[in-house]
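J.: Prediction below, plus the sequence it came from.
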Amino acid sequence: MHSRRLRMEPLEDRRMLATFTVSNLLDDFSTGSLRRAIFDANNNREPDEVIIAATGTILLTQGQIGIGEAITITGPGRELLSIDAQQQSRIFSIQRMTGGVADFDVSIAGLTIQNGKVGDVPFNDGGAVFFDSTGDIAFADTIVRNSSISDSFAFGGAIYAENVPPLVEKPVPPTFTISRGLLLGVNGLRIEH
C-alpha cells in the first residue's frame with residue numbers, strides 16, 4: 001500500500017477588487033454616499049471599484065473628494081448622473097495619500113462632472129479634476145463641463161494631469177466631452193469609448 005505525502009503548493013497572488021456601491025445622492029459620510037464609498041476605497045489600499053447606482057445629481061457641499069488609491073468609478077451613464085461642485089471646489093483631487101504608492105490608475109466612466117472651480121491660489125490646477133500620479137487616468141462615457149480655474153498661473157480648467165507617463169495618442173472620441181474648459185497636461189491621459 002502506497003502512502004501519499006501531502007504537500008502544499010504556493011498559489012499566485014490573487015487580489016479581488018473590493019466593490020463599494022453608491023445608492024444615494026447625499027454628500028456626506030453616510031452609508032451609500034459617494035464620499036463614503038471613496039473614503040472606504042481609499043482605506044482599503046487595494047484597487048477598488050465604486051459603482052454608482054443612484055441617478056440624478058450629487059451636489060458637493062463639503063468640497064472636493066480626495067482619491068489616493070487605484071480606483072474605478074462607474075456611474076449609470078453620463079445623462080443619468082452628475083456630480084456638481086456648484087462652483088465651490090473641484091470635483092476630484094487625485095494624488096498619493098501619505099504612505100501610499102505614487103503609481104496608481106484611476107478610471108472614471110458613465111457620469112458627468114460639472115461646475116468645478118478652483119480659486120485664486122497660485123498654481124492651483126484642474127478646475128474639475130486634478131490628477132498627480134505616475135499611473136494612468138482614463139475616462140469613458142464622461143462629460144466634463146462648466147469648470148474653470150481663476151488664477152493666471154494655474155492650468156487645466158477642466159482636467160489637469162501631472163506626472164503621467166506618455167501613452168499612444170488617441171483622438172477624443174464622441175463619448176467624451178469637455179465643455180467650456182481646458183484639458184491640459186495630457187501626455188498620459190487616456191480617453192476611451
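T.: Received the coordinates, thanks.
J.: and stretch 96-111, what's its mean pLDDT?
T.: Across stretch 96-111, the average pLDDT comes to 78.
J.: Ok, stretch 18-25 next?
T.: Mean predicted lDDT for stretch 18-25 stands at 96.
J.: buried ones in that stretch?
T.: In terms of neighbour count (16 or more other C-beta atoms under 10 Å), stretch 18-25 has its buried residues at F20, V22, N24, L25. All C-beta spots, glycine's among them, are computed from the backbone N, C-alpha and C.
J.: and the third one, what does it touch?
T.: To tie it back to what came earlier, the one meant is N24. Shown here is N24, whose contacts under the criterion C-beta atoms under 8 Å, 6 or more residues apart in numbering are S30, G32, S33, A54.
J.: And it, how close does it get to I58?
T.: 9 Å (C-beta to C-beta, to the nearest Å).
J.: Next: P47.
T.: As judged by C-beta to C-beta, P47 and I58 stand 23 Å apart.
J.: The two: which has the busier surroundings?
T.: Applying other C-beta atoms under 10 Å to P47 and I58 shows that I58 carries more neighbours, namely 25 against 17.
J.: tell me which element that one falls in.
T.: I58 is part of strand 56-59 when elements are defined by DSSP states H and E.
J.: next one: A41
T.: With elements taken from DSSP H and E, the one containing A41 is helix 34-44.
J.: What is that helix packed up against?
T.: Based on contacts counted as 3 or more C-beta pairs under 8 Å, 6 or more residues apart in numbering; DSSP states H and E, the elements that helix 34-44 packs against are strand 18-22, strand 48-52, strand 65-67, strand 71-74.
J.: could I get those strands as TSV with distance to T112?
T.: Listed next are these as TSV, based on distance: least, C-beta to C-beta, whole Å:
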stretch	distance to T112
strand 18-22	15
strand 48-52	12
strand 65-67	15
strand 71-74	13
